[in-house]
Each structure stands twice: as structure tokens, then as C-alpha cells.
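**Student:** pasted the sequence and its predicted model underneath.
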Amino acid sequence: MSTALEGLVRQTFCVISEGELCKKIIAPQQWLHSKIQSLDQLNACVDRAVAQGLRLLLVVGEDELSRSLQLVDLKKQNNPDFAFGVLLVSKEPKEFLRKQGLPLQVVDILSEKEAKSQLDYFLLKNIRPHGMANNAGNKIGAALLGKLNAIFTELSKEKNAEKLFEKIVRKTIEFGECSAVVLQILREQDGENYFTPKVSLELNSELIIDRTTNIVDENSLFGYVVQTGKMHTVFHFDKSRTSNRGDHNPVYDYSNLDSVDSIVTIPLKNSQGEIEGVLQVVFKSHESLSATKRKTHFDFEDETLWSTFANQVGSVLENVKFYADVQGLFEGFVRASVKAIEARDKSTGGHSERVAKMCVGLARAVTECEVGTYRLVKFRDEEIRELEYAAMLHDFGKIGVREEVLKKAKKLHGWQLTGIEERLKICKAAAKIHSLERKIRSGHMNDKIVDEDYEKRIKELENYWEIIRTSNSPTVLKRENLTALDRIRGEQLVLPDGEKIALLSNDEYEALSIMQGTLTEDERLEIESHVKHTFQFLKDIPWTREFKNLTDIAHCHHEKLDGTGYPRRLVSHEIPLQSKIMTIADIYDALTARDRVYKDMVPVEKALDILYEEVKAGKLDEALFELFVAKKIFEHAQLKVIHQVA
């Protein structure tokens, strides 16, 4: 026994109840101890411990637990510095734990058999966990505190859960100078606890990640720690492996048992005291380890260190879980927002997602590029995710654009075309009336000249309708059609009251005269206003620090390098690089999309040619376009979006 441990034993008073479950327990001789038969005797023992400044360990059966705790807790209230713990003896420890759990004052639970044969072991094991050693803090010196701080500073920076798990096991071996580490993450679903993943690392070996989902088994060291919430130590593994409580289970626990000396299994708790995972540390007594002066066993003095280490790891796991929850919230919000946009305009369904995929692909290509303009640009994972979210939300402002403009597939709105059609019908009716009036005046109802004039007028009006219908298409307006529209615009329709109205209103003429596309100048400005709406919407969201540039990236996705873009007419150096990436992806998808009602799909090669013309005109970034083509980023539209960033 170490000198430090002997000192702890001398400062501890062991009190053993002689109730039904504890009658045959033999008190260890090296301990200051007393056997009691009543609460009065227990009261006297507590008074003695308080008077002499001793720590008290009470060994009591489950049938006496409640009354004994009431008495000792009352003494504790009057003597705050009094330290004590309870070793609970139970007929069926596992059943007791399942039904009742453990009061905080209970440091451990053991069976009658264990109490009779291994009481000394359990007494020694449970001195330090309850802060009963005066020199407990001596183990943690300034150098070790510095090492702990460095480890957790590094762990705290990691936001990716999988990478964090790997770092935890590597840092555990580094910190504990141990031989192997197993980390299992605890999860809960439908009221059932299970472990996944299981991350294992042996000294001088490769990391192993097992993603199998395993129900928590109480017949294992991992399961026992989850049940009790306490650190569990097997000091001399060969001697302890047949223990009835917290049995080693090679299916769940560390399985390579050659030369194992000690196994420490530690709960990793969050700030609420809930277990986030369990860490198992293995010490081996082997010549190769001894030669390097690594630790080969675990001792009582290590428990304070490992408790501190476990508390910090639990906090880091809680933080990364919280971060993942926030990410999930953001992703849910982004997807819901995109769904809201696409619900208004089915023709652009999938556009935002495809643009996001290409943006992620092009940003990665920039990061991996070692030559050229952007060889020094290395986007972090968080920056790529920020770009991805910005791309998903870049068209959200369209929710503020009138639906009749947003979905406008032809130059004329449906009600405008219907109005023109009705006017033409009236013109045809007027032509018929005029023909009949001429026949009546001439007295010849079979006047062929009148009939020919009438037929000519009807054909003219039908030709007008065909020109209007053809011009209404979003294709390029033919010059002869524009001339015909001027002629049609001059047509006057005489109403019964003598008032004259134009066959085409000014608004209708303006719409039909659009050379390409379907939008009038006012409507184009309304569509372009979606960028401002997007900005107004996104700027009011309290984005986390890593997404601080998201709003500006989305706001600039229609800007051009030469200042001809919108809404702010920025020039190259004023436009974020991420926005330049998004501009290329956005234009490419708009050209190649199959589902736009106002235009036909452009083939890939033709779309790339159009983008190249924009590059030559100084509107798009040449280096980004070359990467877009060379790396075939346009094919990334077939990949999954969200969670792509490692």
C-alpha cells in the first residue's frame, strides 16, 4: 500500500452495521473500525468522527439504509466539514439499482458475498471519490494543469463530432500514458439506451471506429458505469475478472486482454449530470511499456486526475452535441425556407439545391488548387457550409414578388390575352354588322364585293390574332412581327356609344414588344428586387459567428465584375469570392434547368459557351470559370447537399 493511501486509511473511520445483511462481515484490522447494532451507536460513532476530524465510511444493509442516512445527513447539516460515504450491501445489487437507484451518499453497492470476502478492496476503492483526502489536490501540479488546459483547448475547437471522438481517444492515451482507450457514445431513443459509435485505439496501432448500434448491457463495465453513473476500476484484472458486479464483457468492453493490469471505466457527464458517453482506459504490464517508462497500472491517486479529465471531456461532448443541434436547427430552417420558395414557383423546384451543390464543389476545388490566382485561398469547412446555406437561401426574396410575375410564362398575363381575344371578337362582329349595313343600303343582299371585303377583314383580324399569339411566346421577337404589332396598335375599335378604344393597350403593346423573355421593364425590376428582399430577410436573422458573412454572400450573387450587375452595381474587388462562385453556379443552372416554363433547356456545351462569353465580356471571374470547367463542377448537381462538409 502506498504511503498516501496508508494516510487516508488512518484518517477514515469504518462503521459496520450488524444488521441481517452485514452480520458476518469481518472488519479489516488495519482500519479504525466499529461494529454497531443500533442508531444510538451510529450516532455516537458519527460524533466521534466529527470530534476527531475523521472521515466516515458506513457499511450498511439495504433494509437499514433509509434510517441510517437520515441520521448521518442530520449530523452533516450541523457539521458542513464532516465527510462521509456509504457502502450499501444488497441481496441483489442489480435489481436494487434497477428499481431504486442510488442516493448520492452511497459511494458503492456490493453483494453479501463481496462484503464478506472483499470489503477491504471496496473500502480502499471508495476513499477518494468523495473528496475525503486532504492531499487530493497535490496530484495536479502546475505542469499537469497546463497539459490539461492545452488538451481541452484543442478539443473545444473541434465542431465535427466524428473528428472529436478520434481526438478524445488520442488525447486520452497522451494524457494518461495508458496502453489502450475505448470511447462509446451513449444515445437514447424510445426510452432505450444504446452505444454508437465505439472508437478504440491501442498504443502504436490504427484507430478503429465501429458504428454498430449496441443496446447498453448491464453485464459489462460500460453498462455498469451507465447504471451507477460512477467511475469503476478493476485494479488487478486477472484477480477481478470473475467479479459478479460490473463484469468485464469482451463484446462491449476492451477485448485484447493480454498483459492487462488495470481497467478504468469513466462516465463522461454533461453540465446537467447526464452521461454523454463512457471512456475506458487500459493499463498493461508489459516489458515494452515499462522500457518507455509509461504507466503500467492505475492507482487510487489517479482518480482525481481522471475525474477532472472526464468532466472536461463530458463538457466538450455536450458542446459538440449542442453545436450539432444548432446545425440541425439551421438546416431545418434552410430546408423549410427553400420549400416555401418552391411552393410558390414549381418551375424553379430544385434550383437552390443544385446551385448549393455546385457552390460547395467549386469552393472545394478552389481550396485544393495549388496554382493560379486562388492558390493561397483555403476555405475552412465552416466557410464552405456558410456558402452552402447562402446558396440554398439566395432566392428566398422571391417570396416577396407577386406570383403573377414570378410565374409569368408568356409576355402577356392570361387576363390580358383574354381581353385582346374578346376585342377581336367584337371587331369581327362589327365587321359583320358593317357588311350587312352596306348590303341594306345598296339593296343587294348578295353583293360579292361586300362579301369579299368582309372576308378580307376577318382574315386580317385572324392574322392579327396569330401575330399576337406568336409574339406572346418568350422566344426572340421577329422584326416583321414588331412591324405588325405597330399596325395592330393603330387599330381602333368603335363601341356602340361611339367611343373608340385601341385594339392593343399601351401595356399590352409594351409586353408583346419585348425582344426576348417575358418580363416588361417594371416586371424585370420587380424580379430583381428579390435580391433586396433576400437581404432584408436574412439580415434580421441572428446568425452565429461562423455564418456572419452569409447575408452579404447571398446579397451579391447577381453582381458582375464590370459593375453591370444588381442591386448595388458592385465591381470585382467589392464582391465576395463566395458570391462570384455562386454567380457562376446560378447562371449555369438557370440555363440548363429542364423545368423553366418560359424557356427551353440549354445543352451543357452551349451553357458553358454562354458563360465563357460572359467571362470574355469581363462579367464573370475567369479563374473560377476555368476551375468550374476543368473540375466538371456542373456534375456536382447530382450529389447530395447539406452534411457534405467533412
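**Tutor:** Yep, it's here. Residues are numbered from 1 along each chain as shown.
**Student:** mind listing the strands in the stretch 401-550 of the chain by residue range?
**Tutor:** 492-494, 500-502 (DSSP state E, counting those that start in this stretch).
**Student:** let's have these in CSV, adding distance to Pro542.
**Tutor:** Just so you know, the C-beta spots here come from the backbone N, C-alpha and C atoms, and that holds for glycine as well. Shown next, in CSV, are those (distance: least, C-beta to C-beta, whole Å):
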stretch, distance to Pro542
strand 492-494, 58
strand 500-502, 54
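**Student:** among those, which is nearest Lys198?
**Tutor:** strand 500-502 (79.5 Å; C-beta to C-beta).
**Student:** which residues in the protein form strands?
**Tutor:** Counting by DSSP state E, one finds strands in the chain at the ranges 12-17, 32-36, 55-61, 84-90, 106-111, 180-189, 192-202, 208-210, 214-215, 232-234, 260-269, 275-284, 492-494, 500-502.
**Student:** domain map for this structure?
**Tutor:** 3-134, 158-321, 345-403+526-638, 414-517 (automatic domain parsing).
**Student:** what distance separates the start and the end of the last one?
**Tutor:** Its first and final residues considered, domain 414-517 spans 16 Å by C-alpha to C-alpha, to the nearest Å.
**Student:** what's the mean pLDDT across it?
**Tutor:** If you average the pLDDT over domain 414-517, you get 86.
**Student:** now find how far off-centre it is within its chain.
**Tutor:** 61 Å (C-alpha atoms, centre = their mean, to the nearest Å).
**Student:** can you get me a residue count around the closest residue to Ile467 other than its chain neighbours?
**Tutor:** Leaving aside its chain neighbours, Ile467 sits nearest to Ala484 (4.6 Å; criterion: C-beta to C-beta, 6 or more residues apart in numbering). When neighbours are counted by other C-beta atoms under 10 Å, Ala484 registers 18.
**Student:** report the separation between Ala484 and Phe634.
**Tutor:** For Ala484, the distance to Phe634 equals 40 Å [C-beta to C-beta, to the nearest Å].
**Student:** returning to that earlier point: would you list the domains of the chain in TSV and tack on distance to Phe333?
**Tutor:** Putting the domains of the chain into TSV (distance: least, C-beta to C-beta, whole Å) gives the following:
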stretch	distance to Phe333
domain 3-134	39
domain 158-321	18
domain 345-403+526-638	8
domain 414-517	33
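**Student:** can you show me the helices along the stretch 401-550 of the chain?
**Tutor:** 403-406, 414-442, 448-471, 479-489, 506-512, 521-528, 530-539, 550-555 (DSSP state H, counting those that start in this stretch).
**Student:** and the third one with helix 479-489, angle?
**Tutor:** Angle of helix 448-471 versus helix 479-489, following axes from the mean of the first three to the mean of the last three C-alpha atoms, to 10 degrees, is 120 degrees.
**Student:** and for the second one?
**Tutor:** Taking the same axes, to 10 degrees, one finds that helix 414-442 is oriented at 60 degrees with respect to helix 479-489.
**Student:** please pull out the lowest mean pLDDT helix or strand from this structure.
**Tutor:** Sorting the helices and strands of the chain by mean pLDDT, DSSP states H and E puts helix 287-291 at the bottom, at a mean of 49.
**Student:** what's near enough to touch Ser175?
**Tutor:** Rather than Ser, residue 175 is Phe. The contact partners of Phe175, by C-beta atoms under 8 Å, 6 or more residues apart in numbering, come to Lys147, Leu148, Ile151, Phe309.
**Student:** swap in Leu608?
**Tutor:** Residues counted as contacts of Leu608 (C-beta under 8 Å, 6+ apart) are Tyr588, Val629, Phe634.
**Student:** nearest to Ala143, of the domains of the chain?
**Tutor:** Using C-beta to C-beta, these put domain 158-321 closest to Ala143, at 12.3 Å.
**Student:** what's the first-to-last distance across the closest one?
**Tutor:** 11 Å.
**Student:** quick one: low-confidence parts of the stretch 1-150 of the chain?
**Tutor:** Within the stretch 1-150 of the chain, the segments meeting pLDDT under 70 span 1-4, 100-101, 128-142.
**Student:** where along it do the helices fall?
**Tutor:** Taking DSSP H, counting those that start in this stretch to define them, one finds helices in the stretch 1-150 of the chain at 3-10, 39-52, 65-78, 93-100, 112-117, 119-125, 142-157.
**Student:** which of these is buried the deepest?
**Tutor:** Stretch with highest mean neighbour count among those: helix 119-125 (a mean of 19; mean count of other C-beta atoms under 10 Å).
**Student:** if I pick the nearest residue to Ala115 once chain neighbours are set aside, what's in contact with it?
**Tutor:** Nearest-residue entry for Ala115: Val89, 4.7 Å, with adjacent residues in sequence omitted and distances by C-beta to C-beta, 6+ apart. Val89 makes contact with Leu21, Cys22, Ile25, Val59, Val60, Gly61, Glu62, Ile109, Leu110, Ser111, Glu112, Ala115 under the criterion C-beta under 8 Å, 6+ apart.
**Student:** same list (those) but as TSV, adding distance to Thr583.
**Tutor:** Converted to TSV, the contacts of Val89 look like this (distance: C-beta to C-beta, whole Å):
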residue	distance to Thr583
Leu21	77
Cys22	79
Ile25	80
Val59	75
Val60	75
Gly61	76
Glu62	72
Ile109	66
Leu110	70
Ser111	72
Glu112	77
Ala115	75
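**Student:** now, which of those sits nearest Lys398?
**Tutor:** The closest of the contacts of Val89 to Lys398 turns out to be Ile109 (C-beta to C-beta; 63.5 Å).
**Student:** enumerate every residue touching the closest one.
**Tutor:** Leu87, Leu88, Val89, Ser90, Pro93, Phe96, Leu97, Leu102, Thr228, Arg245.
**Student:** mind running it again at 10 Å?
**Tutor:** 62, 86-90, 93-94, 96-97, 102, 122, 227-228, 230, 245 (C-beta atoms under 10 Å, 6 or more residues apart in numbering).
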